[in-house]
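Asker: Mind folding the following:
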Amino acid sequence: MQERRGVIDRFEGDLAAIVFDDNQRLDLPRDQLPRNARAGDAIIAMFDTDDALVSIAIDAEDTAARKARVKGLLNDIFKHKPE
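Answerer: As a prediction, the model looks like this:
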């Protein structure tokens, strides 16, 4: 089994667009995600040796860490405006 981490980028109708940390993208039916899944959630996807998706789980701790990192970057950008 291979673990891949990424983020639910957005929903497009009945599809979820997932972007993995290696910038690969996977579109899959929304009903294959956990019910509480939202755009911006970090996920852990497990694939078998044939690269078939086995499971997807939301990683709440990683979601919070990623949101904090983005918030910090935005604060830095808007705090240090060029004059």
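Asker: what's the longest strand anywhere in the chain packed up against?
Answerer: Counting by DSSP state E, the longest strand found in the chain is strand 2-12. The contact analysis (3 or more Cβ pairs under 8 Å, 6 or more residues apart in numbering; DSSP states H and E) places strand 2-12 against strand 15-20, strand 25-29, strand 42-47. C-beta here means a position set from N, CA and C on the backbone, and glycine is covered the same way.
Asker: now the last one and strand 15-20, what's the angle there?
Answerer: Between the axis of strand 42-47 and that of strand 15-20 there is an angle of 90 degrees, by axes from the mean of the first three to the mean of the last three Cα atoms, to 10 degrees.
Asker: next structured bit after strand 42-47?
Answerer: Toward the C-terminus, strand 42-47 is succeeded by strand 53-58 as the next helix or strand (DSSP states H and E).
Asker: Direction included, what does that following strand pair against?
Answerer: The strands beside strand 53-58 in its sheet (DSSP bridges) come out as strand 42-47 (antiparallel).
Asker: List the contacts of the strand it pairs with.
Answerer: Here strand 42-47 makes contact (Cβ atoms under 8 Å, 6 or more residues apart in numbering) with 1-8, 18, 20, 26, 33, 37, 53-59, 62-63, 65-66.
Asker: hang on, residue 28 packs against residue 14?
Answerer: No. Residue 28 lies out of contact with residue 14 (Cβ atoms under 8 Å); the separation is 9.9 Å.
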